[in-house]
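Trainee: here's my sequence, what's the structure:
(2 chains)
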Amino acid sequence: MMSTVYGTDQENLLEIRNLSIRYRTRRGELRAVEDATLLVKPGESVAIIGESGSGKTTLISAIVRMLPLNARLATGTMRYRTAADSLVHLDTATEREMRPLRWKEIVMVFQASQSSFNPVSRIYTQFLDTARAHNPAARTSDVMDRSRKLLELVALDGEKVLHSFPHELSGGMKQRTLIALGLLLEPRLIILDEPTTALDLLTQKKILKILRSLRDQYRFGMVFVTHDLGIVSRLADRVVVMYAGSIVEDAPWEEFYQDPKHPYSQGLIRAVPKLTTAIEKLYSIPGTTPDLVEKIQGCPFAPRCPFRMEICTRENPPLLPVALGRSAACHLLKEDSSESTP
Amino acid sequence: MNPLLEVRDLVKRYHNRKTGDVSILRGIDVQLRKGETLCVVGESGCGKTTLGKILAGLIPYSGGTYQYHGREVSNLRGADWKKFRTSVQLIHQNPYESLNPSRMIFDILSAPIKRHRPTLDFDALFRETTDLLTMVGLTPVEDFIDKYPVNLSGGQRQRVSIARVLSLRPELIVVDEATSMIDTSLKISLLDTLKRIQDEFGVAYLYITHDLALGRYFAQEQRLAVMYLGQIIETGPTEAVISAPKHPYTRALISAGDMEERVEYDLIGVEIPSFHEIPRGCPLSPRCPEAMKGICYSVEPELLPTSPDRAVACHLYSGPREKNGVR
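Mentor: Numbering: from 1, shown residues only, chains lettered A, B, ... in the order given. Here you go, the predicted structure:
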């Protein structure tokens, strides 16, 4: 059925289909990600949004197989197309097969990444180590030149930063240094978890701008998780909404912002305080997210949904196309079959 | 009406043996009446949290005056100090870290009441606690009173922390929004509860945030102050400041916070100067796109009124107005 939503596109950089991830907990199995399908084209920027605990971070950590030890991939496939145009099955790849991919093909920048530098070595050693891990023959001067250039791209004084210790840099500088380090091996997919939290508004804006222009320049794909819609609007082409482990809506950002289809997405948009438009009463979605250990009957959002119908408590709606290039999982929405024929 | 609190030229200095003293607050003026809200916005490290802590009486100030109900706070002793400390409360915005996980909701709420009114018998204590829960909308009360924080959702925990603060019947609540890892929906529900309590009990708020849009929502029809490097650089009615900002820094903040990206306005560079090396003249001058040769680099602008209810600290608006100084 999923193929009717997206068709099979040979050009996808990353194809996650029907992925489910479970955590082993003392209370039983926690369904962190449920039947998620996510496709990323080369050069495309996809934002994953949703409340905390909706499985966003779990989903993106799975791409680089950096899940906690109590997690397992229950169902689904993850395929990644490398620069050499070969398909790698990320879901079944061994650690040995994953290592050359990480940082060379796929870069993952974790949350609070300011602390991902080694505090006792200067920045340049960390650039050199990264380059040598993938190419032992890399010449020091080449790596240094490239590092300096990349640091300048993110508006830093390359020479100064390379010879600094991490503690000598401010949070925003570290974040930008990390972006530069991420680009060192020219990856084709960059995954960011909360790229700019813990940064100031003005610094954040600058970093988003830099990321956007770098993306235009290098055409890498981007998947990032955030709960700040401001970041989405500045960086994303497409937005994926997760709720209780499931993807409930997938749409181009502009259209999504103007007209969110899923009631949960509508709640998210209505909860955003604005600066320019007339002030209105903001909406906070009532209730809380369901316990993912317990079996959920029907639509996971039903208990909080203002439009709940009888069917919602019985059947979980599948993710179906609802308009051109858009899909949503809600019983209220009619399937739009105009584009389902490949 | 007398102001609830009046702060004049407030200074907070920290001693540092290596680098010499550092001033984190450099001459702050704040006035707040009963039932009013003042929203303080600024980037991290601008001193807004320090200001909140001083106003809540958690840390002493090093200079200037802070009068609460007309009395200088640094001179309060004994019973007067205790009265001040109960009258001003601080809410920590992270509901996941501000409640003791090993105590029942009843204990969490009754502890401050017991502390300040030790003669209360159990029945009265129980009644007060249930009243508080009702006030913040945690009903039916029986469902919550014997629960532990772990049993409650984030939103419910926030209500418990509001109830705990209300148990002391404060007149001023300092709401400090630390790094916000909390979902927007949750923040909105907290702010809505706080606003309702203000309408009912006439509490004054000092709302500290870096999110201008949230500040605008919470302090609508109230006042806003923008801080930069330990000073207030612009203040006025929330709507007026946000719809027609004057200070270049405020303009940049609004441009950065606006999702629809209608106005593009950037400062030069990214780095915020350190408190150790505050630029000469206007502290914003090295980053300011409007900086004028001479004056901006040599004379520090004062916070001067531009209209009866607005003030801005910028040479573009002070002294003899140049024809094209104001855009």
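
Trainee: so for stretch A:125-136, mean pLDDT?
Mentor: The average pLDDT for stretch A:125-136 rounds to 94.

Trainee: Provide the contact partners of it at residue level.
Mentor: A:100, A:103-104, A:117-118, A:138, A:140, A:143-144, A:147, A:162, A:181, A:184-185 (C-beta atoms under 8 Å, 6 or more residues apart in numbering or on different chains). In short, each C-beta sits where N, CA and C put it, glycine included.

Trainee: could you redo the last one with a cut-off of 7 Å?
Mentor: A:100, A:103-104, A:117-118, A:138, A:140, A:143, A:147, A:162, A:181, A:184-185 (C-beta atoms under 7 Å, 6 or more residues apart in numbering or on different chains).

Trainee: can you list those in TSV and add secondary structure?
Mentor: Compiled in TSV, these are given as follows (DSSP: H, G, I helix; E, B strand; the rest coil):
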residue	secondary structure
A:Pro100	coil
A:Trp103	coil
A:Lys104	coil
A:Phe117	coil
A:Asn118	coil
A:Ala138	coil
A:Thr140	helix
A:Val143	helix
A:Ser147	helix
A:Leu162	helix
A:Leu181	helix
A:Leu184	coil
A:Leu185	coil
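
Trainee: which of the residues you listed are buried?
Mentor: Neighbour counting over these (16 or more other C-beta atoms under 10 Å in any protein chain shown) leaves A:Trp103, A:Lys104, A:Phe117, A:Ala138, A:Val143, A:Ser147, A:Leu162, A:Leu181, A:Leu184, A:Leu185 as the buried ones.

Trainee: hang on, the earlier thing: which of the contacts of stretch A:125-136 sit farthest apart?
Mentor: Based on C-beta to C-beta, the longest span within the contacts of stretch A:125-136 runs between A:Pro100 and A:Leu162 and measures 25.4 Å.

Trainee: interface residues of the stretch 151-300 of chain B facing chain A?
Mentor: Proximity of the stretch 151-300 of chain B to chain A is confined to B:153, B:179, B:181, B:183-185, B:188-189, B:192, B:210, B:212-214, B:216-217, B:220, B:242, B:252-254, B:256-260, B:262, B:267, B:270-271 under the rule C-beta under 7 Å from any C-beta of the partner chain.

Trainee: and those residues, which are buried?
Mentor: Buried among those (16+ other C-beta under 10 Å): B:183-185, B:188-189, B:192, B:210, B:212-214, B:216-217, B:220, B:242, B:252-254, B:256-259, B:267, B:270.

Trainee: narrow these to those in helices?
Mentor: Among those, the members falling in helices (DSSP state H) are B:184-185, B:188-189, B:192, B:212-214, B:216-217, B:242, B:252-254, B:256-257.

Trainee: nearest to B:Ile105 among the residues you listed?
Mentor: Closest to B:Ile105, out of all of those and judged by C-beta to C-beta, is B:Ser189, at 18.0 Å.

Trainee: remind me which residues of the stretch 1-150 of chain A are low pLDDT?
Mentor: Across the stretch 1-150 of chain A, the ranges flagged by pLDDT under 70 are A:1-10, A:113-114.

Trainee: for it, which residue gets nearest to chain B?
Mentor: Nearest residue of the stretch 1-150 of chain A to chain B, counting by C-beta to the nearest C-beta: A:Glu51, 4.9 Å away.

Trainee: let me see the ranges of the strands in the stretch 1-150 of chain A.
Mentor: A:14-25, A:28-40, A:45-49, A:71-81, A:87-89, A:106-109 (DSSP state E, counting those that start in this stretch).

Trainee: great, nothing more from me.
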